[in-house]
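*Asks:* got a sequence here, can you build the structure:
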Amino acid sequence: MVSPVIEHPSYEQLAALPAFLEQPVPMPFEDINGHLNVRHYVGLCSEGLKESLVDLGIPLQWPLTEGHACFAAEHHCVYLRELRTGDVMSTRVRLLGRSERAVHATAWILDDTHQEVAFVMEEIFLHVDLSTRKTAPWPTDLAANIDRRIAEQAELPFPAYTSGALALR
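*Replies:* Here you go, the predicted model:
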């Protein structure tokens with residue numbers, strides 16, 4: 001069976017979304033090939049995703065202040081262009097759907113220097129109550145905020161492209 005070709009949003013479409021983690025690629029993130037090491041792509045998208053949740057009521061210190069956390073459950077990653085030391089990059093995020101205990105999201109790293117989409121990470125993340133270390137339903141206020149963001153982003157002028165590999169259960 002041949003996998004379908006996924007058409008990713010363009011740089012221009014994604015650049016219209018709020019930017020997170022805007023910074024140049026630091027030299028310590030470079031690998032022997034002279035570009036951003038593979039391990040940093042997921043970390044940068046993860047941090048950008050966390051930043052994007054702050055205005056929904058999930059502060060960066062949520063585990064310490066409230067005893068709740070977001071745990072990654074699944075990822076699907078696609079490397080589209082290399083990022084080199086000094087290239088300015090940013091992360092953009094789109095929430096796709098929510099279940100009682102999980103959210104489906106996509107995050108992109110943009111190469112703002114060359115105006116290209118460098119990386120896309122699709123993720124399922126879970127709400128976890130740290131007192132039990134188990135998944136728990138989203139608090140009502142957060143669920144409403146997440147649902148509102150999903151509805152707003154459903155109106156974006158480009159489809160919510162997904163890999164087809166991840167889904168809410």
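*Asks:* ok, longest strand in the chain?
*Replies:* Looking across the chain with DSSP state E, the single longest strand is strand 116-129.
*Asks:* contacting residues around the residue nearest the centre of the chain?
*Replies:* Residue closest to the mean C-alpha point of the chain, counted by C-alpha atoms, centre = their mean, is A107 at 3.0 Å. Contacts for A107 (C-beta atoms under 8 Å, 6 or more residues apart in numbering) come out as C45, S46, G48, L49, S52, T91, R92, V93, R94, V120, M121, E123. Yep, even glycine has a C-beta here, placed from its N, CA and C like the rest.
*Asks:* ok, back up a step: pull out the buried positions in the longest strand of the chain.
*Replies:* Of the residues in strand 116-129, V117, A118, F119, V120, M121, E122, E123, I124, F125, L126, H127, V128 count as buried by neighbour count, 16 or more other C-beta atoms under 10 Å.
*Asks:* indicate each strand paired with that strand and its parallel or antiparallel sense.
*Replies:* Strand 116-129 sits in its sheet next to strand 68-79 (antiparallel), strand 102-111 (antiparallel), strand 134-135 (antiparallel), going by DSSP bridges.
*Asks:* CA atoms only: put that strand into PDB for me.
*Replies:* Provided in PDB are the C-alpha atoms of strand 116-129 (Å, rounded to 0.1, in the frame of the first residue of the first chain):
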ATOM      1  CA  GLU A 116      10.500  27.700   4.900                       C
ATOM      2  CA  VAL A 117       8.800  25.000   7.000                       C
ATOM      3  CA  ALA A 118      11.600  23.000   8.600                       C
ATOM      4  CA  PHE A 119       9.800  20.400  10.800                       C
ATOM      5  CA  VAL A 120       6.300  19.200  11.800                       C
ATOM      6  CA  MET A 121       5.500  17.300  14.900                       C
ATOM      7  CA  GLU A 122       2.000  15.900  15.500                       C
ATOM      8  CA  GLU A 123       1.400  14.900  19.100                       C
ATOM      9  CA  ILE A 124      -1.200  13.400  21.400                       C
ATOM     10  CA  PHE A 125      -0.700  14.700  24.900                       C
ATOM     11  CA  LEU A 126      -2.600  13.700  28.100                       C
ATOM     12  CA  HIS A 127      -3.800  15.500  31.200                       C
ATOM     13  CA  VAL A 128      -2.200  13.800  34.200                       C
ATOM     14  CA  ASP A 129      -3.000  14.300  37.900                       C
END
